[in-house]
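Trainee: sequence unknown, structure follows:
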């Protein structure tokens, strides 16, 4: 499933809402979704948003690491399981893509550039300092596409 109708989605909360609404409109009984690094901030953020949407949530933790989330939809009576793929493939996504000879490469993201006013930004690449969490060199930054 791809969410490409981003014109009507203005923030990550709406994205999660649309994604799970669409997901539970299908027959997803017994489905397992994998999220890389779920056990960190992303998993906690996901649980928080799904709870606001009135899904039933149960989670399995191990030493403050989130291992599994079960999400149940009261309306459709379906549930899915979300697991952290880093437990199966304990490497960074960039390295996994290389090992599996994927033609797609993991990009870098300008975390310090993003705010609520530019979530659907289209334009020239942000300044170098916006990529500080990506740990790229100035040379790698210069080689990024300018658009």
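Mentor: Cool, the structure landed. It should be emphasised that the depicted structure is a prediction, and the values quoted were computed from it without experimental measurement.
Trainee: for residue 123, helix, strand, or coil?
Mentor: Following DSSP: H, G, I helix; E, B strand; the rest coil, we place residue 123 in the coil state.
Trainee: give me every residue that touches it.
Mentor: residue 147 (CB atoms under 8 Å, 6 or more residues apart in numbering). To be clear about C-beta, it is placed using only N, CA and C from the backbone, and glycine gets the same treatment.
Trainee: Number the chain from 570, please
Mentor: Right, with 570 as the first residue, what we last looked at is residue 692.
Trainee: how much space between it and residue 587?
Mentor: Computed as CB to CB, to the nearest Å, the residue 692 to residue 587 distance reads 24 Å.
Trainee: ditto for residue 691
Mentor: Counting by CB to CB - residue 691 and residue 587 are separated by 20 Å.
Trainee: Output the contacting helices and strands for the longest strand along the chain.
Mentor: As assigned by DSSP state E, the longest strand anywhere in the chain is strand 634-642. Contact analysis of strand 634-642 by 3 or more CB pairs under 8 Å, 6 or more residues apart in numbering; DSSP states H and E lists helix 581-593, helix 610-621, strand 625-631, strand 647-653 as its packing neighbours.
Trainee: Tell me how the protein divides into domains.
Mentor: 575-660, 676-716 (automatic domain parsing).
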